[in-house]
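Student: how would this look folded up:
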Amino acid sequence: YYPTEEKLDQQIDGKNIFIRAFNLFKYYFFETNDHYTESKISNISKEKNCLFISHLINENHIKKEEDFYFGYLPSFLKIKKFNTLIALRNLTQKNSNLIYKKNKRYLRDKILLSKSLSLTDELRLIFNIFKTYARLIILKVSDTDVKEFLFNKNIFKFAGSTYNNLKLILQIERIVEIYKPNYLFLTCEGHSWEKLMISQIKKKFPKIKIFSYQFSIITKYSSSIFLNFGNQLNPDFYLTTGNYTKKLFSKRYKAKSKCINIGSNKFSTKKKLKKTSKDVLILPEGFNSETLKMMEFSVDAANKYKNK
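Tutor: Model (predicted):
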């Protein structure tokens, strides 16, 4: 169920820049806009605007009032007379234009980001990635750290992720220019795109207050989420799911970012189980492919070890 590193490298998952270059032409013929929405952005007040950056991992989630990641926080802010708009990264296998056509009425307070930009923008992003790579090649002659990085890593293996991150930044920047939010909310898991987004927004739109919401489980092995690269890459506020995680963030980002415990929309009361029961708790993230693999593994394991 867990592929070896060699097999993982061979998978076509969009991380390879050449595969991504092929996909951009494929999506280019299906996507007609940079983003899709039924929101009347031009008619929205410019005083108390909130922009949320969330993720669409299942097409059915777009129909629900409660956001899969931020829960009822956008709705709560609406009650407090704030204007809210949720920008959804399309992480499904369907192109955004098709999802938009089927779900227009659910996009009055949401924006669905396209999987592809204009051909000019796409080619410009790819060109910038290769230009950066060329600079690193030149730099490695005098910088031992860069030389070691290029020697030990296949940089093109990760270039596709870099490409997607840069594309996301460009899409959000354009939305910010139109919508002019006072507050920006994004998820906090320790991904590089989160740091990059915060840095770019602070650089181009310094008046915007940025909130990062830690929604997922924190374990003793969690590391990237606590990496501190300085104020330019840190949000103004960290929103946490509990007092324990609030203490962790407050300790790591002391005097740099304020931490506020807002709880979790995934909270539910504990259910007492019979001591004799043999229940198995399965916690997939939400992707259909992941859920199917976990269910198959759970059934196989239960059949194999049913007497234990």
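Student: please enumerate the strands of the protein.
Tutor: Secondary structure of the chain by DSSP state E: the strands cover 35-37, 49-56, 83-90, 110-113, 183-187, 209-213, 237-240, 258-261.
Student: pull the residues that contact the fifth one.
Tutor: Spelled out, it's strand 183-187. If you take C-beta atoms under 8 Å, 6 or more residues apart in numbering as the criterion, strand 183-187 is touched by 49-55, 69-70, 73, 82, 176, 194, 197-198, 201, 208-213, 215, 235, 239. Placement of C-beta: from N, CA and C, glycine included.
Student: quick one: the top helix by length along the chain to strand 49-56, angle?
Tutor: As assigned by DSSP state H, the longest helix anywhere in the chain is helix 155-179. Angle, helix 155-179 to strand 49-56, by axes from the mean of the first three to the mean of the last three C-alpha atoms, to 10 degrees: 150 degrees.
Student: ok, back up a step: for ChimeraX, write the selection for the buried entries among the contacts of strand 183-187.
Tutor: Typed into ChimeraX, the line below selects the buried ones among the contacts of strand 183-187, using 16 or more other C-beta atoms under 10 Å:
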select :49,50,51,52,53,54,55,69,70,73,82,176,194,197,198,201,208,210,211,212,213,215,235,239
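Student: low-confidence ranges in the stretch 201-308 of the chain?
Tutor: Along the stretch 201-308 of the chain, segments meeting pLDDT under 70 span 254-256, 267-278, 285-287, 307-308.
Student: low-confidence regions, the stretch 1-150 of the chain specifically.
Tutor: Across the stretch 1-150 of the chain, residues meeting the criterion (pLDDT under 70) sit at 1-29, 41-47, 139-143, 145-150.
Student: circling back to that earlier point, out of the strands of the chain, which gets nearest to Tyr100?
Tutor: Nearest to Tyr100, of all the strands of the chain, is strand 35-37, at 3.8 Å by C-beta to C-beta.
Student: run me through the strand neighbours of the closest one, direction for each.
Tutor: Counting by DSSP bridges, the strands paired with strand 35-37 are strand 110-113 (antiparallel).
Student: off-centre distance for the strand it pairs with?
Tutor: Relative to the chain's own centre, strand 110-113 is displaced by 13 Å; criterion: C-alpha atoms, centre = their mean, to the nearest Å.
Student: list the contacts of that strand.
Tutor: Identification of contacts with strand 110-113 by C-beta under 8 Å, 6+ apart yields 34-37, 39, 56, 62, 85-90, 96, 99-100, 168, 171, 175.
Student: rerun that using 7 Å as the cut-off
Tutor: Applying C-beta atoms under 7 Å, 6 or more residues apart in numbering, the contact partners of strand 110-113 are 35-37, 39, 56, 62, 85-90, 96, 99-100, 171, 175.
Student: try stretch 162-178
Tutor: Contacts of stretch 162-178 (C-beta under 7 Å, 6+ apart): 17, 20, 34-35, 41, 51, 53, 87, 89, 111, 113, 117, 121, 125-126, 129, 192-193, 196-197, 200, 204-205.
Student: are any of these buried, and if so which?
Tutor: With neighbours counted using 16+ other C-beta under 10 Å, the contacts of stretch 162-178 contain these buried positions: 17, 20, 34-35, 51, 53, 87, 89, 111, 113, 117, 121, 125-126, 129, 193, 196-197, 200, 205.
Student: which residues are in contact with the residue positioned nearest the centre of the chain?
Tutor: By C-alpha atoms, centre = their mean, the chain has its centre lying nearest to His55, at 5.9 Å. Counting by C-beta under 7 Å, 6+ apart, His55 makes contact with Tyr69, Leu88, Arg89, Leu91.
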